[in-house]
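1. Just to be clear, the model below is a prediction. Sequence and coordinates:
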Amino acid sequence: MQVPAPFEYERATSVDHAISLMERLGSTSRLIAGGHSLLPMMKLRLASFDYLIDINDLHDELGYIEAGPDELRIGALTRHRELLESATLTAAFPIFADAERVIADPIVRNRGTLGGSLCQADPSEDLSAVCTALGASCVIRGPGGAERVVSMEEFHVGPYETAVGDGEILVEVRLPVRPGCGSAYEKVERRAGDWAVVSAGAAVWLDGDVISDARVGLAAVGPNTTGIPEVSAALRGQTPSESLFEQAGAIAARSCDPATDQRGSADYKRHLADELTRRTLRRAVERARS
Amino acid sequence: MTTVHERVDTFHDNDQKPVGYGRMLRKEDPRFVRGRGRFVDDVRLPGLLHLAILRSPVAHARILSIDTSAAEASPGVKAVVTGAMLAEQGLAWMPTLSNDVQAVLATDKVRFQGQEVAFVVAEDPYAARDALELIDVEYDVLDPVVDARRALEPDAPVIRDDLEGKTDNHCFDWETGDEAATAAVFARADVVVSQDLVYPRVHPAPMETCGAVADFDAVEGKLRLWSTTQAPHAHRTLYALVAGIPEHKIQVISPDIGGGFGNKVPIYPGYVCAIVASIVTGKPVKWMEDRFENLISTGFARDYIMRGEIAATRDGRILAIRTNVLADHGAFNGTAAPVKYPAGFFGVFTGSYDIEAAYCKMTAVFTNKAPGGVAYACSFRITEAVYLVERIVDCLADELGMDPAELRLKNFIRPEQFPYTTKTGWVYDSGDYEPTMRLAMEMAGYADLRREQQEKRARGELMGIGIAFFTEAVGAGPRKNMDILGLGMADGCELRVHPTGKAVVRLSVQSQGQGHETTFAQIVAEEIGIPPDDIDVLHGDTDNTPFGLGTYGSRSTPVSGAAAALVARKVRDKARIIASGMLEVSVADLEWDKGSFRVKGDPGKSVTIQDIAMRAHGAGDLPEGVEGGLEAQICYNPSNLTYPHGAYICVVDIDPGTAQVKVRRFIAVDDCGTRINPMIIEGQVHGGLADGVGMALMEMIAFDEDGNCLGASLMDYLLPTALEVPDWETGFTVTPSPHHPIGAKGVGESATVGSPPAIVNAVVDALEPFGVRHADMPLTPSRVWDAMRGNARPPI
């Protein structure tokens, strides 16, 4: 039986209550949401905390998908399954449903959350790539209710490290809504439910037949989920074509920094960065046009 | 004589068979589907203590010191035991099933990552686990031997310096066949093809991990041990020899078992630790390993580095097969195989083909990895043998430009050649290969598939068709040449018919999910005419079952199934005598009609087996010389192994951009002789095929250069899911075994043996446009992509 080291446990009754508990308990405490990354690490005793603060009771406060005119706002405790099944989200950003279909399995998706996924900051994590492709921003609340908003690039500080500081909590993810958007996600995995060998998310915004903006987010090809500004620059103002996608793929391949491991060789991952960038851009453009 | 049957999809064909064989639902399933199975971890005894094992974090190191004082002071801890303490009792080392020794707890050195170093016994599993963190072990880390190819280099660190005079990492040499005759055939052959192949280390990973509950009663002097064992009787004998407890004072109970696949054949240090802990504390002690422990320390499988060579005529007549094998046995030789067969039954590497000569030379080495070797449904290394021959036959087909199906059909042993003695000395009992192969090709639509492949290739799409044809050797085995540590591989069986005509049959083999409670009831039912629902099957408890060597190597039906049929016939013979008295006719005037004896020519005069059972136990007279009661026992010693065969065809599609392999179709035609319960057979085949997909495409226990195990969780060691496997298309032919009383051959491992080469052959076939002739398992997308670019590399 795998059991974690002893810890104490408290259920937060509100976001502010959770923040006050974190303030009091300091870095020996940790928030637990879906727990699908945290608990295995604790059971294997790779991680150990004196206190766990359970925020699952805050679903009323932090579990929502709300579409506004300029942005779509998702509460940090929104579960994978809710993201997968949201017609609002799928209509605006089909990339989410693409990704959610290949994230873990239904058992994990029933419990795991958007906020937990982003805060875990695993370099292979799928939703970080999705949010990067969509140019999301993250709302972090701290002591006294003070909120700050950071971009995905600022949010990821390093592998397993984010901009969320002691006593802070990620409360919301905001996705800018602009016309002419198409998005798509592709993942290569060794087996259903595995972490990505490489995955790519792409979003394009068309103005007529011209790409007004485009973003690509790659997972599992470096210390952090990578947004590639050079790809965006190469695509902006261009008319979509196979050769343009090839150019973007080549940029993606040379801009990433994969490592050889059990999931695959660095060369193969670089190849996938190219291949999946092309595939997702192609599909994103198709969707933007339809 | 082979009969060919269509696939049967009905679940009701047993309706036509009031007794005996047929597609009846499994008798054990109601308790499993209702969560009422009773597994080792479900055993709860008053005062139960819990044991946790401290394992080595490194692959090779000298132990300088162990400080247990903090752990001993930890709340709830009852005992902390090290190898040094066991050594004082002479219990630090135990024999393996291959006449080697293995440390129960390390004394001098640790020899693989995950090796047992100390254990804690505590009031609950949490306290035991917490106290492990408090044991302070000082290691002097040594260079490990990770690559088997380097194990015999003169400057390689010597792992087994516990063995007196040991100066290298050599484990054993073994050879079979005729080296000179084979060399002569190779020298004159038109075509010789050779190919290096690696069958990487894999793990059986049963759903239930290993564990035990030991309860030593000091007053009775009796040890009761509930343990996850596939061989309770063999284990009991070994415990008697190791621990010095008299054998009649040891009861080994193997309750419901959540999968074995060979993983639960060996005796693991944890079992011995639990026994020692119970003796030391005077309380019952439970040890259940976790998934991590199961994957890093228990019996692995394969780990063969092979060179296969095949010689043939230009027109595709296979003449000879030769192979050289380097076998990685890990830190201790823990292989569970008959003593005279250190490489198991690898000698059947000549496959299903009638050839002129064969030779194998094998060298086995020690490395700093977990011990084991025979596990994962391999039929004693036949998995490796079949992979070797079926892969190099495909290489030959490629060389000759012949269709791989045609090449196989041309070289099959012909039906009139059976019993067929192979060039390595195995006597195949029966077989009729061509109809099996033809049925598989027909089910697959082989010619259409090849046409489709041509069309797809023209469009740049990658589609592959892979064939494997296997002959297995199962049902070990004849006691004259097969034993494990001196214990002959025969099996006992007892049958008792109660007065009301219900019965209990006691087996020496033990089910880990194979459906013995149903299959064996059906075998007895067929012979004695009592419905299977009226027959209880008891197994897994050494105090209540006859001696036998257990369930592995697909041996239950070939050996114990024969015993069950024969013991039932023995009871029927007695019933016939009693019936003759009841009907007042001579025995010769009776005929048997599934459940009753009737007077020949007078069908109105008959007695049922139930009538006879009551008479046997009743107050009335019995024929002279007949004792009361209706029961019998037997010990069955098989005269030969049985040799099931099968033809498998796999169709894969490969995404040219990502190199991901999708198994689109899998056709499996099995011939396991007489079929007892087709539903259970299909279940066995389905499971084995899924195993094959796992091994071919994703499973591997890898190590880094320091000997750290990289497959220590199911996130790292990938098992296939329903999403990776197609709808299986199964079919069958029936070629009964001539020496088995009901003609059955065993099927438990056929699919695991036969499917990996079919899948690999399909992937290689798909990659033909890239000039690929071979790529080693596991064929992960990355490795397939390497092969597409001409960089196919062995996985180790």
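-> Perfect, thanks for sending it.
2. What ranges does the stretch 601-750 of chain B have for its strands?
-> Along the stretch 601-750 of chain B, counting by DSSP state E, counting those that start in this stretch, strands occupy B:602-608, B:631-636, B:645-654, B:661-671, B:728-734.
3. quick one: the helix or strand just after the last one to strand B:645-654, angle?
-> What that stands for is strand B:728-734. Following strand B:728-734 in sequence order, the next helix or strand is helix B:750-766 (DSSP states H and E). Relative orientation of helix B:750-766 versus strand B:645-654 (axes from the mean of the first three to the mean of the last three CA atoms, to 10 degrees): 40 degrees.
4. which helices and strands does helix B:750-766 pack with?
-> Judged by 3 or more CB pairs under 8 Å, 6 or more residues apart in numbering or on different chains; DSSP states H and E, the packing partners of helix B:750-766 are helix B:382-400, strand B:462-471, strand B:645-654, strand B:661-671, helix B:678-697. Every residue, glycine included, has its C-beta placed from N, CA and C.
5. A:Ala33: which of those is closest?
-> Closest approach to A:Ala33 among those is made by helix B:678-697 (32.1 Å; CB to CB).
6. Can you list the buried residues in the closest one?
-> Under the neighbour-count criterion of 16 or more other CB atoms under 10 Å in any protein chain shown, helix B:678-697 has B:678-682, B:684-697 buried.
7. rewinding a little: what's the closest of the helices and strands packed on helix B:750-766 to chain A?
-> Judged by CB to the nearest CB, the one of those that comes nearest to chain A is helix B:678-697, at 7.9 Å.
8. Measure how the closest one sits relative to strand B:728-734, angle-wise.
-> 120 degrees.
9. In terms of secondary structure, what does helix B:678-697 contact?
-> strand B:661-671, strand B:728-734, helix B:750-766.
10. Please identify the most buried of the ones you listed.
-> With neighbours taken as mean count of other CB atoms under 10 Å in any protein chain shown, the helices and strands packed on helix B:678-697 reach their highest mean count in helix B:750-766, at a mean of 30.
11. Nearest to B:Val339, out of the strands of the stretch 601-750 of chain B?
-> That would be strand B:631-636 among these, by CB to CB, at 19.7 Å.
12. okay, the helices and strands packed on helix B:678-697 in TSV with mean pLDDT next?
-> Listed next are the helices and strands packed on helix B:678-697 as TSV, based on pLDDT from 0 to 100:
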stretch	mean pLDDT
strand B:661-671	98
strand B:728-734	97
helix B:750-766	98
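13. Out of the ones you listed, flag the one nearest B:Thr780.
-> Going by CB to CB, the one of these nearest B:Thr780 is strand B:661-671, 8.6 Å.
14. other SSEs contacting that closest one?
-> Contacts defined by 3+ CB pairs under 8 Å, 6+ apart place strand B:661-671 against helix B:433-444, strand B:645-654, helix B:678-697, strand B:728-734, helix B:750-766.
15. mind redoing it with 10 Å?
-> On a contact count with 3 or more CB pairs under 10 Å, 6 or more residues apart in numbering or on different chains; DSSP states H and E, strand B:661-671 meets helix B:433-444, helix B:446-458, strand B:462-471, strand B:645-654, helix B:678-697, strand B:728-734, helix B:750-766, helix B:781-788.
16. With distance to A:Glu10 added, can I get the ones you listed in a markdown table?
-> Below are the helices and strands packed on strand B:661-671 laid out as a markdown table (distance: least, CB to CB, whole Å):
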| stretch | distance to A:Glu10 |
| --- | --- |
| helix B:433-444 | 61 |
| helix B:446-458 | 60 |
| strand B:462-471 | 55 |
| strand B:645-654 | 52 |
| helix B:678-697 | 42 |
| strand B:728-734 | 50 |
| helix B:750-766 | 49 |
| helix B:781-788 | 44 |
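17. Among the ones you listed, which comes closest to A:Asp70?
-> A:Asp70 lies closest, by CB to CB, to one member of the helices and strands packed on strand B:661-671: helix B:781-788, at 40.2 Å.
18. Isn't A:Arg81 up against A:Ala97?
-> No - using CB atoms under 10 Å, A:Arg81 is not in contact with A:Ala97; the gap is 11.4 Å.
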